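[1] Generate coordinates for the sequence data below:
(2 chains)
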Amino acid sequence: MKLTHTWLAGGLAASALAGAPVIAAADRADDTLRVAFAEEILNLDYNYTTKREYILLADLIDEGLFGYDPETNEYVPSVATGFEYVDDLTVDVNLRDGVAFHDGQALTPSDVAYTYNWIIDEESESQAKGTIERWLDSADVLDEDTVRFNLKTEYPLVIRDMARRVQIRPEGSYHDENGEPVQDAMATEHNGLGPYRVASFSPGEEVVLERYEGYHEESPKNPIEIGNVVIRNIPDMGTQQAELMSGGIDWMFKVSRDVAESMGAAPNVNHVTSTDLRIGFLVLDAFGHTDPDGPLTDKTVRQAMNHAVNRPEIAQFLMGGGSQAVHTACHPAQFGCTQQVPVYNYDPERAKELLAEAGYPDGFDLELWSYRDKPIAEAVSADFEAVGIDVSLRHVKLASLNEARANRDIQAYFGTWGSGGTPDTAAIARVHFNDTSDRNMSNNPEVVENVLAAEVTGDQEARLRLYAEALTTIAEEAYWVPLVSYAQNFLVSSEVDFPTYQDGLPRIYRAGWK
Amino acid sequence: MTRYILQRLGIALAVAVALSFVTFMLLNFATDPAYAIAGEDAEQEVIEQIRETYGLDRPVMVRYADWASGMLTGDFGESYYWNKPVAALVADRAPVTLLLSVMGLAVTILIALPLGILAALNPNTWIDRMALGVAVSAQAVPNFWLGLIMIILFAVTFPIFPVSGDDSLAHFVLPAFVLGASSVPAVMRLTRTGMIEVMESDFIRTARAKGFRGGDLVRRHALRNAMLPVISVLAVQLGHKFSGSVITETIFAINGLGRLALESILGSDIPTVQILIFVFAMVFVLMNLLADILNAALDPRLRLG
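    Numbering: from 1, shown residues only, chains lettered A, B, ... in the order given. Just a heads-up that it's a prediction; the model follows:
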């Protein structure tokens, strides 16, 4: 279908440039920004969802305890005015006065304690539970402005999780009048603290939002300029393009580079790019799960593979925008992601030498798995072929790759990770290098120990040191072939001002009219 | 006749049950709903949480038995993806698809019948060839391509109809055209053949001798007889459209059963896919049955029992 969309984009842009009537979006007149998501919005409660579209929605209608400043990459006061570590396992969070839910009731510490205790409750079934129960033992009301969080263990991302993962609900929201749990209580009838309130919701079709006049003034999300936001679910990207051209929508994302460039040529559409915390990489079976004596168990072979890949060209020609070559098992913008690691520059001759040195002068057979961005997987395969590695590319659905990886049947795979927009190495390191993850295909106990240790201390200097050790080992041993950071393409009505940020998370609430 | 109808319904039910079993197994072995629900970057804890919540950690046969016993008691299950009862989901979406199917069928009739009649009245002339060319082109063009062309032409370049959605009847015009176009050749050719046969029959010669000419002859004598096979084909085509609108509904963002089917398959929403296959199979079989009954009713030679 991608070819069709590219072709359609060219057709639509040509149609506009040839003087076909271009409808000015009526949206500015009624102060309504219309955005399109291909992914259906089926549940308004981010405490029960995970995908990126839901993060964008939660940014509009919900509030965590803290905000995030995408310009400084720091967590900042929002609903909470601040926090204080009483000791390593106790955090007191002070709430702001004058914050109210969309139904008008004032926020109290009981609401916050209730929400957190519910998230980790056995019956909650919340999709935030796995993350929060990792560190939270309980939340108590300390006084009329303060909530005390009792931690199970030291955990450096407490504030991150408070800012991003848990959305505050009024006390009792998830229980009926008999005290019985109601997990989907907020799925369609939402009540939050965000800058917009839900005016209407048709699951899978449309969410209509209007600016919440009672939104607290001190929020880092302010100023909120646009009065109304309509999120339309349009599954086909080609249809989204046509809607954009005809004024039916003002904003679309997840656009491929070629489509964005074609459509951006139209006079009423702007092509906006941004960087992203997502990185692409190859994970190699260095441990030897698939073959204890296989070539990938040899460090020299893995280093050769790192030298074989032309990262700058992939970044420039396949990703575009702000994409850049990456040499670490994390995004360079993330806290702890030291760049003082061995770098394997593109050097096919050196790669061949290393292969010969390792006893593979004629290369070897490699089964490379991938599930997305096939052109990148193909470019990497071609680079490997050029140094003599005979690649069999298996491009499959994510579920198939996950299953094969869980069964330890994968020799190497092309993966990507977005870190949920979290500018901290913890958001990528733990998932890929803890000892229970099947994504960990190197199983180096020293790396595991460092990565896990960095998650149970609040000492930032110690964390930097632990990550530096882990990342240096990963690079020296060439457990991965880090590739490139991602870029994002948006198509936006020319009437809309849409700023972008380094973490790649689109902030619709920051949009305004030109 | 009653026995025949019951027999056909029984076979339809057996086919639907067999299909449901095969689909359930295929979906379970080919996909993992937990990953589909959680999304690409979900951490393992979240995936395990989802698996536990939806009971996906139980053996597949236990889950199928659960689902099947629920079906027998009228409980069609809960959608993983939409988080609501599947029956309600299908009931919400079915009227939209029914409207689109009927409008699509109307488009087929409006194009195919006049073309077929025109071709039959002018056999082996340029009119006949042109009519055939139009019909074959309509069949050859893929739905998704025709849909996008229609959108560019009639929603963007000449903004007559809305691009997508299903808020008003105007939203259904372009998708109905796209859906209806694919059935034009079959109906057109059947109409043409039927009309040519009828026009050469004795009773038409008699009618001509009586002084009937032109439109009167076609409308009052020829068309009625030529329509017998066409009507039964139209009934089958309605079934096709009801269960075959996946691409059209997706392109035009119409919230019908076709789009629901696609979303459910992509989301590994097994309970919803199960019911949709059941519904589609039953509709298709019922439409075939209706066609048989119509044929039998219209032509006494075909009556059964």
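
[2] Need phi/psi at B:D66.
    phi -60, psi -50 (degrees, to the nearest 10).

[3] pull the CA atoms of stretch A:333-345 into CSV?
    Output of stretch A:333-345 as CSV, limited to C-alpha atoms (Å, rounded to 0.1, in the frame of the first residue of the first chain):
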residue,chain,number,x,y,z
ALA,A,333,20.2,12.5,23.9
GLN,A,334,19.3,10.2,26.8
PHE,A,335,20.7,10.7,30.3
GLY,A,336,23.6,8.3,30.8
CYS,A,337,24.1,7.6,27.1
THR,A,338,27.9,8.2,27.1
GLN,A,339,29.4,8.6,23.6
GLN,A,340,32.8,7.8,24.9
VAL,A,341,32.6,4.2,23.6
PRO,A,342,34.5,2.5,20.7
VAL,A,343,33.1,3.7,17.4
TYR,A,344,33.1,1.4,14.4
ASN,A,345,33.2,3.6,11.3
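
[4] Show the average pLDDT along it.
    The average pLDDT within stretch A:333-345 is 94.

[5] quick one: buried residues of that stretch?
    Neighbour-count burial for stretch A:333-345, counted by 16 or more other Cβ atoms under 10 Å in any protein chain shown, picks out A:333-338, A:341, A:344. C-beta coordinates here come from the backbone N, C-alpha and C atoms, glycine included.

[6] Flag every residue of the stretch 351-500 of chain A that's near chain B.
    Contact residues (Cβ under 8 Å from any Cβ of the partner chain) of the stretch 351-500 of chain A with chain B: A:372, A:397-400, A:402-403, A:416-420, A:431, A:436-437.

[7] Now list the buried members of these.
    Counted by 16+ other Cβ under 10 Å, those give A:397-400, A:402-403, A:416-420, A:431, A:437 as buried.

[8] Dump those residues to a markdown table, plus pLDDT, secondary structure and distance to A:F364.
    Output for those, formatted as a markdown table (pLDDT from 0 to 100; DSSP: H, G, I helix; E, B strand; the rest coil; distance: Cβ to Cβ, whole Å):
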| residue | pLDDT | secondary structure | distance to A:F364 |
| --- | --- | --- | --- |
| A:K397 | 80 | coil | 27 |
| A:L398 | 82 | helix | 27 |
| A:A399 | 76 | helix | 28 |
| A:S400 | 82 | helix | 24 |
| A:N402 | 86 | helix | 26 |
| A:E403 | 83 | helix | 25 |
| A:T416 | 95 | strand | 25 |
| A:W417 | 93 | strand | 27 |
| A:G418 | 88 | coil | 32 |
| A:S419 | 87 | helix | 33 |
| A:G420 | 78 | helix | 36 |
| A:V431 | 90 | helix | 29 |
| A:S437 | 89 | coil | 26 |
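
[9] ok, of the buried residues of stretch A:333-345, which one's closest to chain B?
    A:Q334 (14.4 Å; Cβ to the nearest Cβ).

[10] any low-confidence regions in chain A?
    Across chain A, the ranges flagged by pLDDT under 70 are A:1-27.

[11] just checking, what's the longest helix in it?
    In chain A, taking DSSP state H as the definition, the longest helix is helix A:460-477.

[12] what packs against that one?
    The contact analysis (3 or more Cβ pairs under 8 Å, 6 or more residues apart in numbering or on different chains; DSSP states H and E) places helix A:460-477 against helix A:426-433, helix A:445-453.

[13] Please work out which of the ones you listed is packed deepest.
    helix A:426-433 (a mean of 23; mean count of other Cβ atoms under 10 Å in any protein chain shown).

[14] Specify the angle between it and helix A:445-453 in degrees.
    150 degrees (axes from the mean of the first three to the mean of the last three Cα atoms, to 10 degrees).

[15] Which strand residues bridge A:S485?
    Under DSSP bridges, the beta-bridge partners of A:S485 are A:I279.

[16] Just give me the neighbour total for it.
    24 (other Cβ atoms under 10 Å in any protein chain shown).

[17] how near is the residue nearest the centre of chain B to chain A?
    Nearest to the mean C-alpha position of chain B, by Cα atoms, centre = their mean, lies B:K241 at 1.9 Å. According to Cβ to the nearest Cβ, to the nearest Å, B:K241 and chain A sit 19 Å apart.

[18] I'd guessed that residue sits against B:L99; true?
    No. B:K241 lies out of contact with B:L99 (Cβ atoms under 8 Å); the separation is 10.9 Å.

[19] Please name the nearest non-neighbouring residue to whichever residue of the stretch 351-500 of chain A sits closest to chain B.
    Nearest to chain B, among the residues of the stretch 351-500 of chain A, is A:A399, at 4.4 Å (Cβ to the nearest Cβ). Excluding the flanking residues, the one nearest A:A399 by Cβ to Cβ, 6 or more residues apart in numbering or on different chains is B:D32, at 4.4 Å.

[20] ditto for B:M150
    Among residues not flanking B:M150 along the chain, B:L174 sits closest, at 4.6 Å (Cβ to Cβ, 6+ apart).

[21] Tally up the residues packed near the one you found, please.
    25.

[22] Distance-wise, check it relative to chain A.
    11 Å.

[23] Does that residue touch B:L148 like I think?
    No. Using Cβ under 8 Å, B:L174 makes no contact with B:L148, being 10.4 Å away.

[24] which residues touch the residue in the stretch 1-150 of chain A positioned nearest to chain B?
    Residue nearest to chain B within the stretch 1-150 of chain A (Cβ to the nearest Cβ): A:G130, separated by 2.9 Å. A:G130 sits next to B:43, B:45-46, B:48-49 when contact means Cβ atoms under 8 Å, 6 or more residues apart in numbering or on different chains.

[25] taking those one by one, which sit in strands?
    Among these, DSSP state E puts none in strands.

[26] Dump those to TSV, plus pLDDT.
    Converted to TSV, these look like this (pLDDT from 0 to 100):
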residue	pLDDT
B:E43	72
B:E45	73
B:V46	75
B:E48	79
B:Q49	77
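
[27] Kindly identify which of those residues also come near chain A.
    Okay, of these touching chain A (Cβ under 8 Å from any Cβ), that's B:43, B:45-46, B:48-49.

[28] which SSE is B:S20 in?
    Per DSSP states H and E, B:S20 falls inside helix B:2-30.

[29] now for that helix, which elements pack on it?
    Using 3+ Cβ pairs under 8 Å, 6+ apart: helix B:2-30 touches helix B:60-72, helix B:270-298.

[30] Name the stretch among those helices that sits most buried.
    Note that of the helices and strands packed on helix B:2-30, helix B:270-298 is the most buried (mean count of other Cβ under 10 Å), with a mean of 20.

[31] For the stretch 101-250 of chain B, list the residues in contact with chain A, please.
    B:144-145, B:148, B:151-152, B:155-159, B:162-165, B:250.

[32] No further queries at this time; thank you.
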